[in-house]
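Chemist: what's the 3D shape of this:
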Amino acid sequence: MSEYQPPQFSPQPMPAMQPPPPMPAQTMPYAPIPTPPESRPGYGLGIAGLIIGIASGVCLLVFPFIVPIPAILGLVLSIVAKKQGAGGLAIAGIIISAIATVISLVFLAGALMFLMAAMSGP
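Modeler: Prediction:
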């Protein structure tokens, strides 16, 4: 048998380096300045009403006796935002705040009835 011989490679000459093509001329030296989006009336009130409504719904589990105050505040803010033209956030704030208000008022009415029944005696 014959011995293994690696294949023979012949070096190829490298092509001459060409300079890169010139860059095209720019028509505008600077990018246009972006304008901030227009603020919608009532949008901030809608967000505030929604946040207060969610917070009052969460606080309903911990502090049920003080929930009607922030729930009514969230309801008022959301209604004002809806009248000013805010959209879905105001509607969500109205719904959540109304639910928290109703649940907390029902809880307070039940607690008052329980106290009155307990104080009336046997």
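Chemist: Just give the nearest non-adjacent residue to the residue positioned nearest the centre of the chain, would you?
Modeler: Centroid-nearest residue in the chain: Ile47, 9.3 Å away (criterion: C-alpha atoms, centre = their mean). Setting aside the residues directly before and after it, Ile47 is nearest to Leu89 in space (C-beta to C-beta, 6 or more residues apart in numbering), at 5.7 Å. C-beta coordinates here come from the backbone N, C-alpha and C atoms, glycine included.
Chemist: for Ser104, same thing?
Modeler: Per C-beta to C-beta, 6+ apart, closest to Ser104 is Val67, 4.0 Å.
Chemist: Need the pLDDT of Gln26.
Modeler: Model confidence at Gln26, given as pLDDT, is 62.
Chemist: same question, Met14
Modeler: 68.
Chemist: which parts of the longest helix along the chain are buried?
Modeler: Scanning the chain for the longest helix, with DSSP state H as the assignment, gives helix 88-120. Neighbour counts using 16 or more other C-beta atoms under 10 Å place 89-94, 96-101, 103-104 of helix 88-120 among the buried residues.
Chemist: Kindly provide the whole-number mean pLDDT of it.
Modeler: For helix 88-120, the mean pLDDT works out to 91.
Chemist: what packs against it?
Modeler: helix 43-59, helix 68-84 (3 or more C-beta pairs under 8 Å, 6 or more residues apart in numbering; DSSP states H and E).
Chemist: Can you add distance to Thr35 and mean pLDDT and give those helices back as CSV?
Modeler: Formatted as CSV, these follow (distance: least, C-beta to C-beta, whole Å; pLDDT from 0 to 100):
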stretch, distance to Thr35, mean pLDDT
helix 43-59, 17, 91
helix 68-84, 23, 92
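Chemist: Just put those helices in CSV and tack on distance to Ser120.
Modeler: Converted to CSV, the helices and strands packed on helix 88-120 look like this (distance: least, C-beta to C-beta, whole Å):
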stretch, distance to Ser120
helix 43-59, 31
helix 68-84, 25
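Chemist: Which single one of the buried residues of helix 88-120 is nearest to Met17?
Modeler: Nearest to Met17 among those is Leu89, at 61.4 Å by C-beta to C-beta.
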